[in-house]
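[1] the sequence and its predicted three-dimensional model are supplied below.
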Protein chains: 2
Amino acid sequence: MPERPLRALLFDVFGTVVDWRRGVIEAARALAGERGHDVDWGAFADAWRREGYLEPIAQIVTGARPFTPVEVLLGEVLPALAARHRLGLGTNELGELVSAWRRLPPWPDAKGGLERLRRRHLVAPLSNGSFAQLTEMAKRAELPWDCIISTELFVAYKPDAATYRGAIRLLDLDPDEVMLVAAHPIDLRAGAACGLRSAYVPRPEEWGPATGPPAPPDPGFDVVAPDLEALAGMLDDPGWDRPSRPGARR
Amino acid sequence: MPERPLRALLFDVFGTVVDWRRGVIEAARALAGERGHDVDWGAFADAWRREGYLEPIAQIVTGARPFTPVEVLLGEVLPALAARHRLGLGTNELGELVSAWRRLPPWPDAKGGLERLRRRHLVAPLSNGSFAQLTEMAKRAELPWDCIISTELFVAYKPDAATYRGAIRLLDLDPDEVMLVAAHPIDLRAGAACGLRSAYVPRPEEWGPATGPPAPPDPGFDVVAPDLEALAGMLDDPGWDRPSRPGARR
């Protein structure tokens, strides 16, 4: 059981708070209009997320590539991807599609869950999205963050330990006063290695509706909640942090 | 007249948005209790602001001293100052007094003005306060910032040009899309030298109620407003930006 009470919750954003896949599909489909009736938009969105985000970020985290802003990563792969998936979009439309990541829709529970969580805790993103992306997204979607923390501030990407340590330093807190909330075990484990508490919020629809059965529960996290409203309910229970309670293992 | 519309308003905080002097006096007086009935609390607050904030920051900006976090600056002068002003506070109480800067009260117009300004514009602090100070202050006072920008992010203090340029870069905006709002002409002029627009909000009571007549109006700023509610009213007028209008000189 930790000495100090929980002060702050840091959230992964793409996949955990917002539905990047639906946002990308809807923005691309709207830009394409009539031209897009034969495109497999889900396959395009999934490929873009992998090739323009996950893979280059992994290269940067391992040191194989220097730090590059996330909107540059998303933009540089887009012409080839758009051609491969026959999107039929022009250069200006592809630029507009990159900015769609600034307008991604939250999951239905996100805004209400954050409103409730922020009554007792500081809430902030800790995301590989850029500071401008996260700020514009929050303003449009009315996500009630207390501040915006982008890993851009540390010239690094999660799961680099510099990002978790940098966020704790900025907030002037100790690691066990902070809980990371994420849909991705790799993120939570890297945060836990820096001393952060962990809340696993699985998002089985992150990669679309037909991704098979949910993963078995992972016993390695402090809290597991199906969504942010449920997480708020769990943390509102004054006993959540006691070892004898289910779902509270410290 | 600028080509681009105004997108973001950046605010000086200590003096412009919050009444640091009243906050410091009330916190110190509360800590001292009975012991403080002979103390000149206003003189103490003014001396602290000068010796623990303005003077060391000026040294850092000119390069005479390396960057040092603002709460270290405020804390390091406090034992000698407290002795000189006969505050009668112990070491723990002086530490508590440093954290009072995280709980400063907004000017009466600040919250309402910001709520109104954020309907059309991104609003954020650009303050020499630390990221943690500004975040905690905003949460307690319910200041509706869209994000928190501390000059700590740029390892520099205003009026260093690196701070204005750093904020513009983080927001991914051009300088003339951003207006700096401040009670201090030196801050506004340094921002304008980096291309930012300027809104002067004089706060004649920043240094207490008995500081003489208000300064004469300074013609060097794009907008002059008596408080943040009035600024919101001026910027809500669609003609504010036209050169023919008084108070809109671009």
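    Arrived safely.
[2] tell me, how many residues neighbour A:P202?
    The tally of other residues near A:P202 (other C-beta atoms under 10 Å in any protein chain shown) stands at 19. For glycine as for every other residue, the C-beta is placed from the backbone atoms N, C-alpha and C.
[3] that one - that's part of a strand, no?
    No: using DSSP: H, G, I helix; E, B strand; the rest coil, the assignment for A:P202 is coil, not a strand.
[4] run through the residues of chain A sitting next to chain B.
    Selection of chain A residues close to chain B by C-beta under 8 Å from any C-beta of the partner chain yields A:118, A:122, A:124, A:130-132, A:134-136, A:138-139, A:145-148, A:152-153, A:170-173.
[5] keep only those of those that are in helices.
    A:131-132, A:134-136, A:138-139, A:170-171 (DSSP state H).
[6] out of the residues you listed, which is nearest to B:L231?
    Nearest to B:L231 among those: A:K139, at 19.2 Å, using C-beta to C-beta.
[7] the closest one reaches B:P144, doesn't it?
    No: counting by C-beta atoms under 8 Å, A:K139 does not reach B:P144; the two are 10.4 Å apart.
[8] what do these two both touch?
    B:R118 (C-beta atoms under 8 Å, 6 or more residues apart in numbering or on different chains).
[9] quick one, which of those two is more surrounded?
    Per other C-beta under 10 Å, whichever of A:K139 and B:P144 has more neighbours is A:K139, with 17 against 14.
[10] next up, the contacts around that one.
    Here A:K139 is in contact with B:118, B:122, B:146 (C-beta under 8 Å, 6+ apart).
[11] and the residue nearest to the first one when sequence neighbours are not counted, what does it touch?
    Pointing back at B:R118 there. Using C-beta to C-beta, 6 or more residues apart in numbering or on different chains and skipping residues adjacent in sequence, the residue nearest B:R118 is B:P144, 5.6 Å away. Counting by C-beta under 8 Å, 6+ apart, B:P144 makes contact with B:111, B:114-115, B:118, B:123.
[12] verify the stated contact: A:A100 with A:A27.
    Yes: the pair A:A100 / A:A27 is scored as a contact, 3.4 Å apart, by C-beta under 8 Å.
[13] packing partners for the longest helix seen in chain A?
    Secondary structure of chain A per DSSP H: the longest helix is helix A:20-32. Here helix A:20-32 touches helix A:41-49, helix A:91-99, going by 3 or more C-beta pairs under 8 Å, 6 or more residues apart in numbering or on different chains; DSSP states H and E.
[14] which of those helices is buried the deepest?
    Ranked by mean neighbour count, the helices and strands packed on helix A:20-32 are led by helix A:41-49 with a mean of 18 (mean count of other C-beta atoms under 10 Å in any protein chain shown).
[15] pLDDT (mean, whole number) over it?
    Here helix A:41-49 scores 97 as its mean pLDDT.
[16] same thing with stretch A:179-196?
    So the average pLDDT for stretch A:179-196 ends up being 97.
[17] partners of A:P125 in the sheet?
    A:F11 (DSSP bridges).
[18] give me the pLDDT value at the nearest residue to A:P79 once chain neighbours are set aside.
    Closest residue to A:P79 apart from its sequence neighbours, by C-beta to C-beta, 6+ apart: A:L94 at 6.5 Å. pLDDT recorded at A:L94 is 96.
[19] how about the strands of chain A, start to end?
    Here chain A has its strands, by DSSP state E, at A:8-11, A:122-127, A:149-150, A:178-182, A:197-200, A:223-224.
[20] including distance to A:P79, could those strands go into CSV?
    Listed next are the strands of chain A as CSV, based on distance: least, C-beta to C-beta, whole Å:
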stretch, distance to A:P79
strand A:8-11, 32
strand A:122-127, 26
strand A:149-150, 26
strand A:178-182, 31
strand A:197-200, 37
strand A:223-224, 41
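[21] export the ones you listed to CSV and tack on mean neighbour count?
    CSV is the format used below for the strands of chain A (neighbours: other C-beta atoms under 10 Å in any protein chain shown):
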stretch, mean neighbour count
strand A:8-11, 24
strand A:122-127, 27
strand A:149-150, 26
strand A:178-182, 27
strand A:197-200, 23
strand A:223-224, 20
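[22] B:H85: which of the ones you listed is closest?
    That would be strand A:122-127 among the strands of chain A, by C-beta to C-beta, at 33.6 Å.
[23] quick check: which ranges of chain A have low pLDDT?
    Residues of chain A that meet the criterion pLDDT under 70 lie in A:1-3, A:210-218, A:242-250.
[24] find the centremost residue of it, please.
    Chain A has A:V13 as the residue nearest its centroid, 2.4 Å off, counting by C-alpha atoms, centre = their mean.
[25] and the residue nearest to it when sequence neighbours are not counted, how far from A:L196?
    Leaving aside its chain neighbours, A:V13 sits nearest to A:S127 (3.8 Å; criterion: C-beta to C-beta, 6+ apart). Plainly put, A:S127 is 15 Å away from A:L196 if you go by C-beta to C-beta, to the nearest Å.
[26] again with A:A124
    As for A:A124, its distance to A:L196 is 13 Å (criterion: C-beta to C-beta).
[27] residue contacts, the closest residue to A:R165 other than its chain neighbours?
    Of all residues not flanking A:R165 in the chain, A:C194 sits nearest, at 5.7 Å (C-beta to C-beta, 6+ apart). Residues near A:C194 by C-beta under 8 Å, 6+ apart: A:161, A:164-165, A:168, A:175.
[28] turn those residues into JSON lines, columns for distance to B:A8 and neighbour count.
    Listed next are these as JSON lines, based on distance: C-beta to C-beta, whole Å; neighbours: other C-beta atoms under 10 Å in any protein chain shown:
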{"residue": "A:A161", "distance to B:A8": "32", "neighbour count": "15"}
{"residue": "A:Y164", "distance to B:A8": "29", "neighbour count": "27"}
{"residue": "A:R165", "distance to B:A8": "29", "neighbour count": "17"}
{"residue": "A:I168", "distance to B:A8": "28", "neighbour count": "22"}
{"residue": "A:P175", "distance to B:A8": "33", "neighbour count": "19"}
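[29] contact partners for A:A8?
    So A:A8 contacts A:121-124, A:171, A:173, A:177-179 (C-beta under 8 Å, 6+ apart).
[30] likewise for A:R86?
    A:38-39.
[31] how about the longest helix of chain A as CSV, C-alpha atoms only?
    What follows is helix A:20-32 as a C-alpha-only set of coordinates in CSV (Å, rounded to 0.1, in the frame of the first residue of the first chain):
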residue,chain,number,x,y,z
TRP,A,20,-8.7,7.3,-33.8
ARG,A,21,-9.9,4.7,-36.2
ARG,A,22,-13.4,6.0,-36.5
GLY,A,23,-12.1,9.6,-36.7
VAL,A,24,-9.7,8.8,-39.5
ILE,A,25,-12.2,6.7,-41.5
GLU,A,26,-14.9,9.4,-41.3
ALA,A,27,-12.5,12.2,-42.2
ALA,A,28,-11.1,10.3,-45.1
ARG,A,29,-14.5,9.2,-46.4
ALA,A,30,-15.8,12.8,-46.2
LEU,A,31,-12.8,14.1,-48.1
ALA,A,32,-13.1,11.4,-50.8
